[in-house]
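Test case, fold it:
(chains A, B, C and D)
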There are 2 protein chains.
Amino acid sequence: MAPSPAPAARGERGEETRQRLLQAAIDVFGRHGFEASTRQLAAAAGVNLAAIPYHFESKHGLYLAAAEHIAGEIRSRLDPALDRARLALAAPAPPDAADARALLAEILEAFARMMVDDASASWARFVIREQMEPSDAFDRLHGGFIGPAFATLAPLIARITGGTAEDERVRLQVPRLLGQILMLRSARATLLRELHWNAIGEAEFALIRDLIRTSVVALDWPRPNAREDL
Amino acid sequence: MAPSPAPAARGERGEETRQRLLQAAIDVFGRHGFEASTRQLAAAAGVNLAAIPYHFESKHGLYLAAAEHIAGEIRSRLDPALDRARLALAAPAPPDAADARALLAEILEAFARMMVDDASASWARFVIREQMEPSDAFDRLHGGFIGPAFATLAPLIARITGGTAEDERVRLQVPRLLGQILMLRSARATLLRELHWNAIGEAEFALIRDLIRTSVVALDWPRPNAREDL
DNA sequence: GTCTATAGTCGGATAGAC
DNA sequence: GTCTATCCGACTATAGAC
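Prediction:
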């Protein structure tokens, strides 16, 4: 019944154990899903098995904590680009289509960087798992970063294509654009094999970035207000 | 050491048990990954637990058999559209850009149908899992349908955008286009929540189809040979 | 706060009756 | 071919020493 003690009440040693478990949990749960064993988790973290129920109440508690940690990490990576867009959208003079395209391209590029980064491989797996078969952890992911990101992207796209941020056609562009970047993880094995890549380094990322920019420019085409700029 | 008997040697009852296990395995493995328990699998199939090692040697053998079955199912769904494209590409007069666009749109639409169909939910989960964390089952998926599909899509896109099927920029378009459809599963929870959909029915699919067609038309833009047709 | 030891349950695979 | 019964190792969680 009694939850684990508040972080402030814990010593430094305890806090380190907590952090190690959290990091390991993201990786191991990402790879194996919730079915991963507590032994696996404890071994990966290099801590004792009994530390899991002590710090997180249960394996399930650790799972939820991992989801929240992921949301925080992702938000910190996307917020710089998202905040620039938020600022522009809230300004008295909202961005024109060209400005909106530039802001959007920046956000998508930050997202792609994340999908390519090895350090985020485990987060991405965790999130995609929850997308396909949501558990109660999905609420934390959605509230933590998915919802806020969507709320910024929809009006940004509306500035480019016309229409409003509530229009279904506009809103559908958000997962469409993100989906083609998400494939860097959700179709990674195919990508590497068919393009004969061993990994996604800077040279490969340059091609991906070009593709993103092109798809942003193509957003309002074949609509009449398409432009060659950006 | 001795593998399970050849299908022909098995009675009708045995063959039915085998099929039930295969169907259940695709669903249960898709949901829970390889960590799903044999008891879960047997219960879902409505057969005895001991039938798994009998028919498939081991849980792992059942997993591989499930991968092969999935490849066959997906191939049978995509082949009608893919074969039309193969025929056109092999013809003495290869398709022009407009024809290629129409063929491509058909293939992508068939793929989207599959991603939306409830019956294929379990296949899709299984495949995406293998993409993120490939096991030896991925080879069967790749050989079974991913490789052949890629081999047709790359030259088809080359006819639209210019360049050759070996060009990295052309090849990268394949996972990009498929990725924005794959999101129907890999980002399904977000899609439903943010668009306030309960499910993806015919009305919702119509919007998705429009988006696919638009993205095919936009493929060779801002290149000079973009056209307003299709 | 972290450890070892252990309780109680569930895992995959098999043996042998039918 | 299918079943029940069973082995034995791995599982989560807890108790209690330190």
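
Please, where are all the helices along chain A?
A:12-32, A:38-45, A:51-56, A:59-90, A:97-116, A:121-132, A:137-141, A:147-161, A:168-186, A:188-194, A:202-217 (DSSP state H).

Tabulate these in TSV, adding columns for distance to residue B:199 and mean neighbour count.
Using the backbone N, CA and C atoms, a C-beta is placed for each residue, glycine as well. Formatted as TSV, the helices of chain A follow (distance: least, Cβ to Cβ, whole Å; neighbours: other Cβ atoms under 10 Å in any protein chain shown):
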stretch	distance to residue B:199	mean neighbour count
helix A:12-32	28	18
helix A:38-45	35	17
helix A:51-56	35	19
helix A:59-90	25	18
helix A:97-116	27	20
helix A:121-132	15	23
helix A:137-141	17	20
helix A:147-161	19	21
helix A:168-186	15	23
helix A:188-194	28	21
helix A:202-217	28	17
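
now the ones you listed as JSON lines including mean pLDDT?
Converted to JSON lines, the helices of chain A look like this (pLDDT from 0 to 100):
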{"stretch": "helix A:12-32", "mean pLDDT": "91"}
{"stretch": "helix A:38-45", "mean pLDDT": "94"}
{"stretch": "helix A:51-56", "mean pLDDT": "94"}
{"stretch": "helix A:59-90", "mean pLDDT": "97"}
{"stretch": "helix A:97-116", "mean pLDDT": "96"}
{"stretch": "helix A:121-132", "mean pLDDT": "92"}
{"stretch": "helix A:137-141", "mean pLDDT": "97"}
{"stretch": "helix A:147-161", "mean pLDDT": "97"}
{"stretch": "helix A:168-186", "mean pLDDT": "97"}
{"stretch": "helix A:188-194", "mean pLDDT": "97"}
{"stretch": "helix A:202-217", "mean pLDDT": "96"}
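
closest one to residue B:211 among those helices?
Residue B:211 sits nearest to helix A:168-186 of all these, at 5.9 Å, using Cβ to Cβ.

That closest one: how far from the chain's middle?
12 Å (Cα atoms, centre = their mean, to the nearest Å).

same question, stretch A:93-101
Centroid displacement of stretch A:93-101 relative to its chain, using Cα atoms, centre = their mean, is 24 Å.

With stretch A:114-126 instead?
Chain-centre distance of stretch A:114-126: 8 Å, with Cα atoms, centre = their mean.

wait, which of the helices of chain A is closest to chain B?
With Cβ to the nearest Cβ as the measure, helix A:168-186 is the member of the helices of chain A nearest chain B (2.7 Å).

From the centre of chain A outward, give me the first residue you hit.
residue A:74 (5.1 Å; Cα atoms, centre = their mean).

That one reaches residue A:140, doesn't it?
No. Using Cβ atoms under 8 Å, residue A:74 is not in contact with residue A:140, being 11.6 Å away.

re earlier: with distance to DNA strand C as new columns, can the helices of chain A be given to me in TSV?
Below are the helices of chain A laid out as TSV (distance: least, Cβ to the nearest atom of the strand, whole Å):
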stretch	distance to DNA strand C
helix A:12-32	3
helix A:38-45	8
helix A:51-56	5
helix A:59-90	12
helix A:97-116	31
helix A:121-132	19
helix A:137-141	21
helix A:147-161	33
helix A:168-186	26
helix A:188-194	24
helix A:202-217	38
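
Would you mind saying which of the ones you listed lies nearest residue B:207?
It's helix A:168-186; of the helices of chain A, that one is closest to residue B:207 (Cβ to Cβ) at 5.9 Å.

Tell me the helices and strands packed up against that closest one.
The contact analysis (3 or more Cβ pairs under 8 Å, 6 or more residues apart in numbering or on different chains; DSSP states H and E) places helix A:168-186 against helix A:97-116, helix A:121-132, helix A:147-161, helix A:202-217, helix B:121-132, helix B:168-186, helix B:188-194, helix B:202-217.

so which of these gets nearest residue B:30?
The stretch from these with the least distance to residue B:30 (Cβ to Cβ) is helix B:121-132; that distance is 3.8 Å.

Nice, that's everything, thank you.
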